[in-house]
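The sequence and its predicted three-dimensional model are supplied below.
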Amino acid sequence: MASVEVEHVVKYYDTADAVSLMGTFTRPPALDDVTIRLEDGETVSLVGASGCGKSTLLKVVAGLETPDRGRVLFDAMDVTAMAPQDRGVGMVFQDYALYPSMRGKGNLAYYFQVHQRSEAEAEQRTRKVAEIMGVGFELLMGRVPTTLSGGEQQRVAIGRCIVRDPSLFLMDEPICNLDAKLRESTRLELKKLLRNFAITSLYVTHDQQEAVFMGDRIAVMRGGRIEQLGTFDELYYTPANLYVARFIGAPPIAVMPATIEDRRVSIGAASWSLPDLLADELPPGPLQIGVRPEGWHLNAADGAVLPVRHIERIPTERSSFLFTTLGGENIVIAAPLDYPQTEQIHVSPDWERVYVFAADSEETVRAPGVLELF
Amino acid sequence: MSAIVASNLVKRFGEKLAVADTSFAVGDGEFLVLVGPSGCGKTTTLRLLAGLEAVTSGDIAFGERIVTNLRPRDRDVAMVFQDYAIFPHLTVFENIAYGLRSRHTPRQEIAPRVNQAARTFRIDHLLGRKPRQLSGGERQRVALSRAMVRDAAVYLYDEPLSNLDAQLRYQAREDVLALHRAKRRPSIYVTHDQSEAMALGDRIAVMRDGTIQQIGTGDDLYSRPRNRFVAFFIGTPSINLFEVEVRAGDGEVILQNPAFSLNLPSSLHQAVANHIGKRVTFGIRPEDLHVPRMAPFEVTPENTLHGVVNVIEPTAVGSTVYLSTQEDEPRDFVATFKQRVPVSYLGKEIPLAIDAAKAQLFDPDTERSLREWD
């Protein structure tokens, strides 16, 4: 177990001959001054669109890539120059990491052969992991990896890593190849194992829901930078900027151009008197108003009359989604599953829940913060 | 008039039975969604209809025409693929026009139709570009435009949105519906995304091992599943399933399990009348487990299930809580709440009240639902 610090790491993928004579790089860095700290026993999810640098950051921590600048520390010890195999890091990737000639149990015990631990020790740890992963895992023992299905292979890979008692566990889309139902059960198993053994881990995924499930905290990345690191509530209710606000939450937040004048706000043809709290705080002029699907009042007395293009009813989510347009933006409004069929609605933003962004940048001007429920 | 009628479809790949004697009909203008785990035969079924695979036996009719042995191009099918099937060397305009040219549409008709379709899907400013200059979402709209300019007898979709970022899918669903509403032809849509299936389908067919398990509305499948497989497959997180013993006496019927003994409401007595003294499978949706003091029914020790909290997943509207029972062989189960459950409950044991009226009951051998649905 370890705490991990990544300090001001910069990583370029340009090779030497791609560097111009002026000594500058032709492409932006894959990691652009990344600093992050993982507490001992904590799981942090790295999430972002493809090319955001999340896998590169994982590889730098693993030692599979060397940073051009910056340091990596495990328990305050500088490991930047240390070889991957000396870092005590467990890794599981999307495309599995098995030793195909060995049987399932052999795979787990392999580490102990290499690291010269006793047979009994190997046996005991292997058994414990098998137990936590359920009866199905015991059935896997003694079967040759190539005969295993994708899901079983990945469970073996994960089990093998955890048996090694890694100081740090790194996972890059480890379950994205699995069928939805198997993903649901495997991620729960994985989360229980990480908590049970208090393993410090980094979890790379492009799926925001998985990031939220797996991570004690979540780092949203873009263009080689961490846009924000925090709990789901922090990202959702106090996004650092418009990018994070849009990235977290589905259906996505609606962001509309707006103007404030005389303690009123106008969005497109609609106009509302602002509650004092907002009117005092927000400067007159243009800005952008963001409202999440659940952040609207339907049938509001001062509501704007909006045409409903269509209504999606999703019984599995006990919700309907109303599709409409305001301020030139397509917006989605959440409603109860049995919300009546209608051609138009009277809506106004729930002002306690609105997000405000600068008119011409991604800067957050105001975020609602976590709502107090009790 | 063109409806799709598939009769006793069978498709073998060597030893493997991919589609096993499947029959269904899609009404004129109806949108049917096929869902199921990977390998269930949904994509093969679609490819049989398109003529991309030859049937082993069975018949396919589009309206009055038997198309079973026709070549794909003679079936008059428009198909939208997951990878968009766009020609990289052709411009967006030529990609959209391709199907019209290959069917010898009069030259003067082509440009207006392409332009109109491109406007519908907001890519009219991109007609001169090559596909590599487009984003994933724009490519997907090229594929929809190409289907839009056709006037095909049936429309088939093979996971057309699965390569899109989550944030783009809500808009893309609306685009698929725009295409369908413009054409009003029988359509079949394959997806692994349940929300997408619920949002788009007039009806949804759940497939497993090459056969259709149930066809119905989203609410039919979720609230009135015909068997255990459908109940488990539809809904995320999945329904909680427990093996229970049925006991009767003094006009009461009890479902007995190490973790609870649930008094069934009299409306459900008939369902288990033939299973007194035997085992049945009891299913309860995560939303039908309640915080005891907030439960909308009488809470007793008997209808209360205790579990230790393993994971608390925050959602936009509340929390999903993953628990284990405290038996010798702990069982995992899930509950969803409209309130935010504080992280401080992690590792603690909490009681949850079971809404017995919402019970799903299955024969443990045949897996058929014991409840009678109207």
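Thanks, I have the structure now.

residues from the stretch 1-150 of chain A in reach of chain B?
Listed as neighbours of chain B in the stretch 1-150 of chain A under the rule Cβ under 8 Å from any Cβ of the partner chain: A:Ala49. For glycine as for every other residue, the C-beta is placed from the backbone atoms N, C-alpha and C.

Residue of the stretch 1-150 of chain A nearest chain B, please.
Closest residue of the stretch 1-150 of chain A to chain B, Cβ to the nearest Cβ: A:Ala49 (6.6 Å).

And for that residue, the neighbour number?
Using other Cβ atoms under 10 Å in any protein chain shown as the criterion, A:Ala49 is surrounded by 14 other residues.

Quick one: classify it as helix, strand or coil.
Assigned with DSSP: H, G, I helix; E, B strand; the rest coil, A:Ala49 falls in the coil class.

Next: the one 3 residues further on.
Secondary structure of A:Cys52, reduced to three states by three-state DSSP: coil.

ok, back up a step: quick check, the residue of the stretch 1-150 of chain A closest to chain B in contact with A:His206.
Yes. Using Cβ atoms under 8 Å, A:Ala49 and A:His206 qualify as a contacting pair, with a distance of 6.9 Å.

Mind listing the shared neighbours of these two?
B:Asp165 (Cβ atoms under 8 Å, 6 or more residues apart in numbering or on different chains).

Count residues in the vicinity of A:Arg292, would you?
For A:Arg292, using other Cβ under 10 Å, the count is 25.

brain fart, A:Asp86
9.

so what's the residue of the stretch 1-150 of chain A closest to chain B up against?
Counting by Cβ under 8 Å, 6+ apart, A:Ala49 makes contact with A:His206, A:Arg222, B:Asp165.

Of these, which belong to strands?
The strands, defined by DSSP state E, take in A:Arg222 from these.

just the contacts of A:Ala49 now: which is nearest B:Thr304?
Of all these, A:His206 has the smallest distance to B:Thr304: 39.9 Å, by Cβ to Cβ.

can I see the domain layout of chain B?
According to automatic domain parsing, chain B comprises the domains B:4-233, B:240-362.

OK, contacts around the residue nearest to A:Val6 when sequence neighbours are not counted?
Once flanking residues are discounted, A:Val6 sits nearest to A:Ile36: 4.9 Å by Cβ to Cβ, 6 or more residues apart in numbering or on different chains. Contact partners of A:Ile36, counting by Cβ under 8 Å, 6+ apart, are A:Glu5, A:Val6, A:Val44, A:Leu57, A:Ala219, A:Ile226, A:Leu229.

Bridge partners for the fifth one, pull those for me.
Note on A:Ala219: beta-bridge partners by DSSP bridges are A:Leu46, A:Leu229.

before we move on, what about the first one?
Beta-bridge pairing for A:Glu5 (DSSP bridges): A:Arg37, A:Leu73.

list the contacts for it?
A:Ile36, A:Arg37, A:Leu38, A:Arg71, A:Val72, A:Leu73, A:Ala76.

ok, of the residues you listed, which come out buried?
Among those, those buried by neighbour count (16 or more other Cβ atoms under 10 Å in any protein chain shown) are A:Ile36, A:Leu38, A:Val72, A:Leu73.

OK, contacts around the second one?
Okay, so that is A:Leu38. By Cβ under 8 Å, 6+ apart, the neighbours of A:Leu38 are A:Ser3, A:Val4, A:Glu5, A:Val44, A:Leu168, A:Thr200, A:Ser201, A:Leu202.

List phi and psi for the residue of the stretch 1-150 of chain A closest to chain B.
Backbone geometry at A:Ala49, expressed as degrees, to the nearest 10, gives phi -70, psi 160.

in the stretch 1-150 of chain B, which segments are predicted with low confidence?
B:1-2 (pLDDT under 70).

What residues does it have near chain A?
Close to chain A, as judged by Cβ under 8 Å from any Cβ, the stretch 1-150 of chain B has residues B:Pro37, B:Ser38.

could the contacts of A:Ile36 be laid out in CSV, adding pLDDT?
Conversion of the contacts of A:Ile36 to CSV gives the following (pLDDT from 0 to 100):
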residue, pLDDT
A:Glu5, 97
A:Val6, 97
A:Val44, 98
A:Leu57, 97
A:Ala219, 98
A:Ile226, 98
A:Leu229, 98
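
Quick check: longest helix in the chain by residues?
You didn't pick a chain, so chain A it is. Longest helix in chain A, counting residues (DSSP state H): helix A:180-196.

Chain B is the one I meant
helix B:166-183.

For that helix, buried residues please.
For helix B:166-183, the neighbour count (16+ other Cβ under 10 Å) marks B:166-180, B:183 as buried.

what does it rub up against?
By Cβ under 8 Å, 6+ apart, the residues outside helix B:166-183 that reach it are A:207-208, A:246-247, A:250-252, A:309-310, A:312, A:321, A:323, A:330, A:332, B:31, B:120-121, B:136-137, B:140-141, B:144, B:147-148, B:151-152, B:155, B:157, B:160-161, B:164, B:187, B:189, B:193, B:196, B:199-200.

Among the residues you listed, which lie within helices?
Per DSSP H, the subset of these in helices is A:208, A:246-247, B:120, B:136-137, B:140-141, B:144, B:147-148, B:196, B:199-200.

A:Glu152 in helix, strand or coil?
Recorded secondary structure, A:Glu152: helix (three-state DSSP).

One more: the one 3 residues further on?
Look at A:Arg155: counting by three-state DSSP, its state is helix.

Report the separation between it and A:Val92.
Per Cβ to Cβ, to the nearest Å, A:Arg155 is found 10 Å from A:Val92.

before we move on, what about B:Val317?
Relative to A:Val92, and taking Cβ to Cβ, B:Val317 is found at 32 Å.

Comparing these two, which residue is more hemmed in?
A:Val92 (24 against 16).

and that one, what pLDDT?
Note on A:Val92: pLDDT of 86.

what's across from it in the sheet?
Applying DSSP bridges, one finds that A:Val92 bridges with A:Met171.

Which residues lie in contact with it in this structure?
A:Gln154, A:Ala157, A:Ile158, A:Cys161, A:Phe169, A:Leu170, A:Met171, A:Asp172, A:Pro174.

likewise A:Tyr237?
A:Tyr237 touches A:Ala367, A:Pro368, A:Gly369, A:Val370, A:Leu371, counting by Cβ under 8 Å, 6+ apart.

quick revisit: give me the mean pLDDT for the longest helix of chain A.
Here the average pLDDT along helix A:180-196 is 88.

Phi, psi for residue 340 please.
All of this is about chain A. Per degrees, to the nearest 10, the backbone of A:Pro340 is at phi -60, psi 150.

actually it's chain B I care about, not the one you picked
Backbone torsions for B:Arg340, taken as degrees, to the nearest 10, come to phi -80, psi 120.

surely it meets B:Val321?
No. The criterion here is Cβ under 8 Å, and B:Arg340 misses it with B:Val321 at 10.7 Å.

between the two, which one's more packed in?
B:Val321 (24 against 18).

what secondary structure does that one sit in?
strand.

same question, B:Leu48
For B:Leu48, the assignment made with three-state DSSP gives helix.
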